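S.K.: got a predicted structure here, sequence first:
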Amino acid sequence: MKEIKIVIAGARGRMGSEAVKLVEETTHFSLVAVVDHKHEGKSLKDLDGFDVDVPIYTDIDKCFFETSPDVLIDLTTPEIGKIHTKKALLNGVRPVVGTTGFSEDDLAELQELTTEKGIGAIIAPNFAIGAILMMKFSQMAAKYLQDVEIIEQHHDQKLDAPSGTGLKTAEMIAAVREEKQQGHPDEKEILTGARGANYKGIRLHSVRLPGLIAHQEVMFGGDGQTLKIRHDSYNRASFMSGVKLAVENVMKVDLLVYGLENIIE
Ligand SMILES: NC(=O)C1=CN([C@@H]2O[C@H](COP(=O)(O)OP(=O)(O)OC[C@H]3O[C@@H](n4cnc5c(N)ncnc54)[C@H](OP(=O)(O)O)[C@@H]3O)[C@@H](O)[C@H]2O)C=CC1
Ligand SMILES: O=C(O)C1=N[C@H](C(=O)O)C[C@H](O)C1
């Protein structure tokens with residue numbers, strides 16, 4: 001298989017450090033640099049917990065110019081992830097973006113830029129295969145049970161709410177069901193937010209607690225019955241087979257793919 005040259009942004013983070021291991025363990029992947037907002041000019045091996053000798057750049061344009069990567073893996077923050085994705089496309093580098101917290105407008109803008117540049121990009125709100133199946137099964141169930149609420153649960157260091165997965169699940173369900181108001185037509189929130197966020201009538205509830213990693217339950221209700229579709233990630237390794245799949249596939253497409261469900265059979 002042809003070697004794929006990779007830059008990782010956010011390599012010191014919870015996801016980024018797993019991605020460094022993945023790239024190092026994969027024979028046809030080669031880590032050429034990392035992008036950070038500190039440690040300019042150092043090597044990654046100078047930092048605690050890493051033994052990989054690649055340069056750290058704080059200037060992403062300079063990084064792309066000097067290392068000519070094929071792919072950027074971005075695992076940073078919503079604001080930075082969006083900037084990095086744009087810069088990757090402008091530099092002819094294919095982005096694989098796990099960073100969540102992008103708005104519909106952000107996605108539309110990135111879609112337009114990808115089409116203009118004619119290179120592949122993948123934005124995957126969740127890389128775990130089980131989570132992709134949870135979303136697909138939920139979309140299937142929504143054809144038969146239209147009343148649904150999403151309860152996503154994450155660690156308390158998460159910046160965005162609802163989670164990218166929660167939002168993507170709501171989008172996938174909304175694509176197959178008639179928009180409807182759920183609950184009693186006259187219901188009143190005594191405390192603001194009690195009924196959760198509202199995406200086209202689908203309620204989304206975000207739990208943030210220490211001890212959690214990434215969990216989601218999609219709960220459907222019908223006459224005298226409920227259906228619960230649940231996924232749990234117990235560690236960040238759970239996401240890495242999806243990152244590998246995304247890197248391999250981003251080399252084969254020339255458009256923006258939003259969600260790994262679009263590239264798994
Ligand atoms: N798609 C998926 O399957 C998954 C997606 N995620 C998403 O991935 C993202 C990262 O999550 P997680 O690893 O938990 O977060 P972390 O906070 O652990 O990691 C983010 C990293 O990005 C670094 N960073 C901040 N600003 C910059 C910058 N300007 N340039 C380069 N690096 C920067 C941070 O550095 P510092 O700490 O110094 O600020 C940190 O090392 C989140 O958006 C999360 O929602 C998470 C899990 C799975
Ligand atoms: O921040 C996280 O941890 C996660 N973020 C993604 C999301 O927002 O859906 C994916 C996963 O749930 C873990």
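M.R.: Right, received. Where do you want to start? Numbers count the residues shown, from 1 in each chain. Ligands and ions are numbered 1, 2, ... in the order given.
S.K.: nearest spatial neighbour of residue 123, chain-adjacent residues omitted?
M.R.: Leaving out its chain neighbours, the residue that sits closest to residue 123 by C-beta to C-beta, 6 or more residues apart in numbering is residue 97, at 4.5 Å. Where C-beta positions appear, they are placed from N, C-alpha and C, glycine not excepted.
S.K.: which bits of the stretch 51-200 of the chain sit near ligand 2?
M.R.: Applying C-beta under 6 Å from any ligand atom, one finds that the stretch 51-200 of the chain approaches ligand 2 through 100, 125-126, 154, 158, 163-165.
S.K.: can you select the buried ones from these in PyMOL?
M.R.: If you want just the buried ones from these in PyMOL, going by 16 or more other C-beta atoms under 10 Å, the selection is:
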select buried, resi 100+125+126+154+158+163+164+165
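S.K.: and the residues of the stretch 51-200 of the chain next to ligand 2 near ligand 1, which?
M.R.: 100, 125-126.
S.K.: will you turn those residues into a markdown table that also has pLDDT?
M.R.: Formatted as a markdown table, these follow (pLDDT from 0 to 100):
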| residue | pLDDT |
| --- | --- |
| 100 | 98 |
| 125 | 98 |
| 126 | 98 |
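S.K.: and these as JSON lines, adding secondary structure?
M.R.: Formatted as JSON lines, those follow (DSSP: H, G, I helix; E, B strand; the rest coil):
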{"residue": "100", "secondary structure": "coil"}
{"residue": "125", "secondary structure": "coil"}
{"residue": "126", "secondary structure": "coil"}
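S.K.: ligand 2: which of the residues you listed is nearest?
M.R.: Minimum distance to ligand 2 across these is 3.6 Å, recorded for residue 100 (C-beta to the nearest ligand atom).
S.K.: pretty sure residue 142 contacts residue 179?
M.R.: No: contact criterion C-beta atoms under 8 Å: residue 142 and residue 179 do not qualify, at 11.9 Å.
S.K.: look at these two and report which has more neighbours.
M.R.: A side-by-side neighbour count of residue 142 and residue 179, using other C-beta atoms under 10 Å, places residue 142 first with 21 against 10.
S.K.: check contacts around the more buried one.
M.R.: Residue 142 sits next to 148, 173, 176-177, 220 when contact means C-beta atoms under 8 Å, 6 or more residues apart in numbering.
S.K.: swap the cut-off to 10 Å and go again
M.R.: 148, 169, 172-177, 202, 218, 220 (C-beta atoms under 10 Å, 6 or more residues apart in numbering).
S.K.: buried members of those residues into ChimeraX, please.
M.R.: ChimeraX command restricting these to the buried ones, with burial defined by 16+ other C-beta under 10 Å:
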select :148,169,172,173,174,177,202,218,220
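S.K.: among the contacts of residue 142, which ones are in helices?
M.R.: Among those, DSSP state H puts 169, 172-174 in helices.
S.K.: who touches stretch 169-177?
M.R.: Taking C-beta under 10 Å, 6+ apart as the rule, stretch 169-177 contacts 104, 125-126, 131, 134-136, 138-150, 152, 162-163, 197-204, 216, 218, 220, 229, 231, 258-259, 261.
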